Every structure is written in structure tokens, then in C-alpha cells.
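[1] need a structure here:
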Amino acid sequence: MRLARAARCTHSLAGAPRVRRRALSALAERPTPIANIAEFAAKRQTGVNMQALLSTGMGLRLEKSAIDASLPTQQRTLIQVAQFLHHELPIRLAHRSIELEELPHGLSDMPSVRTVRDWYVESFNDLIAAKAPTTPDEEIAFERQLHKIYDRHAPTLLKMARGVHEFKLELKKRQAHAGGAPAGKALLHDFPEVHHFLDSFYVSRIGIRILIGQYLELHHPQEEHYVGLIHTRTSPSEIAAQAIEDARYMCVRQYGDAPDVEIKGRLDLVFSYIPSHLYYMLFEVIKNSLRAVCEFHGVDGEMPPVRVIIADGERNEDVVIKVSDEGGGIARSHMPKIWSYLFTTAKPAFEGAGDEFPDSQIATDSPLAGLGYGLPTSRAYARYFGGDLNVMSMEGYGTDAFLHLSRLGNRNEPLP
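    Okay, here's the model as predicted:
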């Protein structure tokens, strides 16, 4: 059983899950108590998929709606989406609030983690106090409320990273107070339940951000082939070219030079996806390959190129993109660590930085580059829509990363 589910509930009255009493008691003692959080945390979350987001955003699910049929289709669509979010978001926020209260090893007590929990609680309160929209004016008011919530949670990734860093420092203090424990215990990959929670939390967080972001984007004039955040003709080769340009820029800035990157395969392929997500995943993987090649071969000699290969067929289940390098590979004993949110040799990017950097900032100056979050977060993005990210290494030669993306868009999000 996943930690998130185990931490959330035990038995229940009337057959529904019941959240843990300790978490409820702690939340009830807050300055703004949430008496009905158990009611919402006991409800089942409703999963969505790419096809549902597209069809709803295009107004194709209005036939059974009770919304005033005299309103324009776009307005009815916005009200329909707002009503779903009014129902669904409090449930998801309640689940996350309980989980953040019940983390193992004292992680819940870290100041930054408490701040994140407070954001979830505040957003939950805002939503249950809001009226379910049925008219254009009510929908506009709800949209403004979600803008505030969306902005409130923008720094969550960086804040949680800070919280985990605080947790690591706390572990070292405990060891020192106990007279010194084995050094390995200071390594956070020795706490798998923490990683399981972070995996679950970030996938869930991606879902909340997509639901709100899709709704907010539907309020803006839609560019060609866009439905909210989704581009129905996303080109992996074009996104890869953008990621390559930015990754090479970072590599040159760091090392003074960068390997060439070749794009091969189905350069004409297009499919429905969220371009910013695809960019983030490709940028992180390509950036890692460039760095590996520079460090393995040195920039003074000839560096072998990195290769991006796009594979697809009409009958294929997935779009598969391989990023292949000759950067020396990864030791087999280190392979599990590359998926850790807590494993990086770089100085934590948030040291000396404030919280002004939102986790939506995907740029060459992003502070997230030093957190060790690149690969695990990329895998979370891939898995959200039914894909995956796998890495195979040949130590002493190079590494192949395989990015699988569901081309059908019919897989529901993997809710915890």
C-alpha cells in the first residue's frame, strides 16, 4: 500500500475511509479549524485523462448539462469546468493536507513543510467557502479565486525542497546528539517512505496544477491547435530543438563548450500533449547528457554528439523519444539514486535564495537545477498521462534515456 494512502486513512464509518485521528486533531487545533476536512478527505478523487480535458475544453460534453442553454457555448463550457473544479479540488486539497500532517520521521514538523501544509489548508478553506458557479458572474468570481490559489501554490516545489533540506539537517543533528550513527543513515535515500511520499505528492500536485491551469487558460483567446494548455499538434522535434538550444546554452555557460545534438527519426510527428511538460522532460534529460559528455571527454578535445531519436508508428501505443549519449554512463550502484528527489552533488539552489522562484519557471536560470529534482520530476510528468521515463546505462561508455508518452491520451492520472 502506498504511503500516501496508508497515511490518509484506516477504517471508516459507513464503509468510507476515515483519516487518522492525530492528523485531524492537529488540523482541528489550528487557528482556523477545518471541522469537515474528514468528510472531504474520505471522498474518492476523480481521475481525468487527456481526452477528457480536450473534449470538455472544446465543449463536447455539454449535452447532459443543466447549465442555461441560452448562454454561448464558451461560457457554458467555463461554467461546466468550474463546477467540476468546485467539487473536485476541495477533495484533493483535503487529501494532501492530511498527508502533509502525517509524514514519517518528523518531516511534517519541518518549517517549510508546515508552510506548504498551511497553503493547502488555506486553499481548502477558500474553496469550500466559495459558491458553485451557475451564472457567468459567479463563474468570473470563481475564476478570480482560482487565480489566487494558483499563485499561492506556485513556489511549492522549491518550498518542499527546502523542507527536505531542513529534514536532512535535522537528521544530522539527531545523529550528533546520539553520539554519531553510521554515516549512511544521513543519506536520505535510506528513507524510502519519504521518497514514496514525494513521488505521490508531486504526481498529485501536477494533477491539481493541470486542472486549474487548463481552466484558467480556457479564459484566454485560444491560439491555433490549442485547447487550454493542450496543443493538439505538439511536435516532439520542435520541442526538442528548443530544449537543445537552452540546454547547450547552459552547458556553454558552465563548461565553455557543448557537444552537438542530433535529432533523428519521426521529425514530422505531431500528437496531443502539453508542450511545456514535454519541453521540461527533454530539457532535463538532454542537459544531463551534455554535462556527462563534457565531464567524461573534456571540452578541449573532440566530444561525441548527443542523439535524440523520435520513434512512432500508427499502431504504436506510445511515442518514444530516446536521448543517447557517450558520457561514460552511471555506475550500477548509483542507478537507484538518480530517481531520488534528494540526491544531487550540486549546492542546493535555494541556499541564499528566497521563494520568489515559482516551480512553473522552466528556464535556463531556474534555481531548480541544483536540487536534484530533474529526473524524478520528469518521470512524474511522464507518468501523469500514462507514460514513463527509463534510463539504461553502460558504465564506461554512455547512457540511454527512454521517454515514453501515451499517444492515445486515454489513461487516467495515477491518483494516490
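
[2] hey, where'd the helices end up in the stretch 151-300 of the chain?
    Taking DSSP state H, counting those that start in this stretch as the criterion, the stretch 151-300 of the chain contains helices spanning 156-177, 192-217, 236-255, 275-297.

[3] next up, identify which helix or strand the residue lying closest to residue 382 once chain neighbours are set aside is on.
    For residue 382, the nearest residue in space outside its immediate sequence neighbours is residue 389; the separation is 4.6 Å by C-beta to C-beta, 6 or more residues apart in numbering. For glycine as for every other residue, the C-beta is placed from the backbone atoms N, C-alpha and C. Residue 389 is located in strand 388-394, with elements delineated by DSSP states H and E.

[4] how about the helices in the stretch 1-150 of the chain?
    All helices of the stretch 1-150 of the chain, identified by DSSP H, counting those that start in this stretch, fall at 3-8, 21-28, 37-41, 50-57, 73-101, 111-129, 136-152.

[5] pull out the buried positions in the fourth one.
    Put plainly, it is helix 50-57. For helix 50-57, the neighbour count (16 or more other C-beta atoms under 10 Å) marks 50, 52, 53, 54, 56, 57 as buried.

[6] same question for the shortest one.
    Applying a neighbour-count criterion of 16+ other C-beta under 10 Å, one finds 37, 38, 40, 41 buried in helix 37-41.

[7] in a markdown table: those, plus pLDDT and distance to residue 122.
    Below are these laid out as a markdown table (pLDDT from 0 to 100; distance: C-beta to C-beta, whole Å):
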| residue | pLDDT | distance to residue 122 |
| --- | --- | --- |
| 37 | 84 | 13 |
| 38 | 82 | 18 |
| 40 | 93 | 15 |
| 41 | 92 | 16 |
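
[8] can you redo those as CSV with distance to residue 89?
    Conversion of these to CSV gives the following (distance: C-beta to C-beta, whole Å):
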residue, distance to residue 89
37, 14
38, 17
40, 10
41, 13
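
[9] and the very next helix or strand once past the strand holding residue 389 with helix 275-297, angle?
    Past strand 388-394, heading to the C-terminal end, the next element that is a helix or strand (DSSP H and E) is strand 398-406. When axes from the mean of the first three to the mean of the last three C-alpha atoms, to 10 degrees is applied, the directions of strand 398-406 and helix 275-297 differ by 170 degrees.

[10] helices or strands up against strand 398-406?
    Applying 3 or more C-beta pairs under 8 Å, 6 or more residues apart in numbering; DSSP states H and E, one finds that strand 398-406 contacts helix 275-297, strand 318-325, helix 374-384, strand 388-394.

[11] looking at the ones you listed, which is closest to residue 198?
    Checking the helices and strands packed on strand 398-406 against residue 198 by C-beta to C-beta gives helix 374-384 as the closest, at 7.7 Å.

[12] what's the closest one packed up against?
    Using 3+ C-beta pairs under 8 Å, 6+ apart as the contact test, the elements touching helix 374-384 are helix 192-217, helix 275-297, strand 388-394, strand 398-406.

[13] who does the last one pair up with?
    Strand 398-406 has its sheet partners listed here by DSSP bridges as strand 318-325 (antiparallel), strand 388-394 (antiparallel).

[14] cheers, nothing more for now.
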